[in-house]
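Trainee: Build the 3D model from these lines:
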Amino acid sequence: MTHLRTVLTAASLALITPLSLAHEGHGLPGAAHWHATDVLGFIAVGAVAVALIWFKGRK
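Mentor: Numbering: from 1, shown residues only. Presented below is the predicted three-dimensional model:
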């Protein structure tokens, strides 16, 4: 059951990312873009999720 919970948690975190929306850019209508800090935020969330799964799985 713990393995299933871990897999479901990882899958749900992976599915959250596409739900975030890029903003339209600086006077360019229809040209959505990301900033480097947005990507770093996603990397940080992913690292925290991996750390939680890693430390939770250790005995």
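Trainee: As CSV, could you dump the C-alpha coordinates of the helix or strand containing Ala49?
Mentor: Applying DSSP states H and E as the criterion places Ala49 in helix 36-57. Once non-C-alpha atoms are left out, helix 36-57 reads as follows in CSV (Å, rounded to 0.1, in the frame of the first residue of the first chain):
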residue,chain,number,x,y,z
ALA,A,36,14.1,31.1,-15.5
THR,A,37,12.8,31.6,-12.0
ASP,A,38,9.6,29.7,-13.0
VAL,A,39,11.6,26.7,-14.1
LEU,A,40,13.8,26.9,-10.9
GLY,A,41,10.6,26.8,-8.9
PHE,A,42,9.4,23.6,-10.6
ILE,A,43,12.8,22.1,-10.1
ALA,A,44,12.7,23.0,-6.4
VAL,A,45,9.2,21.4,-6.0
GLY,A,46,10.4,18.3,-7.8
ALA,A,47,13.5,18.1,-5.6
VAL,A,48,11.4,18.4,-2.4
ALA,A,49,9.1,15.7,-3.7
VAL,A,50,11.9,13.3,-4.5
ALA,A,51,13.5,14.0,-1.1
LEU,A,52,10.2,13.2,0.7
ILE,A,53,9.8,10.0,-1.3
TRP,A,54,13.4,9.0,-0.7
PHE,A,55,13.4,9.7,3.1
LYS,A,56,10.0,8.2,3.6
GLY,A,57,11.0,5.0,1.9
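Trainee: Name the residues of it that come out as buried.
Mentor: Neighbour-count burial for helix 36-57 flags Ala49 (criterion: 16 or more other C-beta atoms under 10 Å). Just so you know, the C-beta spots here come from the backbone N, C-alpha and C atoms, and that holds for glycine as well.
Trainee: my guess is Thr9 contacts Ile53, does it?
Mentor: Yes: taking C-beta atoms under 8 Å as the definition, Thr9 is a contact partner of Ile53 at 6.9 Å.
Trainee: ok, Thr37 to Ile43 distance?
Mentor: 10 Å (C-beta to C-beta, to the nearest Å).
Trainee: for Thr9, same thing?
Mentor: Counting by C-beta to C-beta, the gap from Thr9 to Ile43 is 18 Å.
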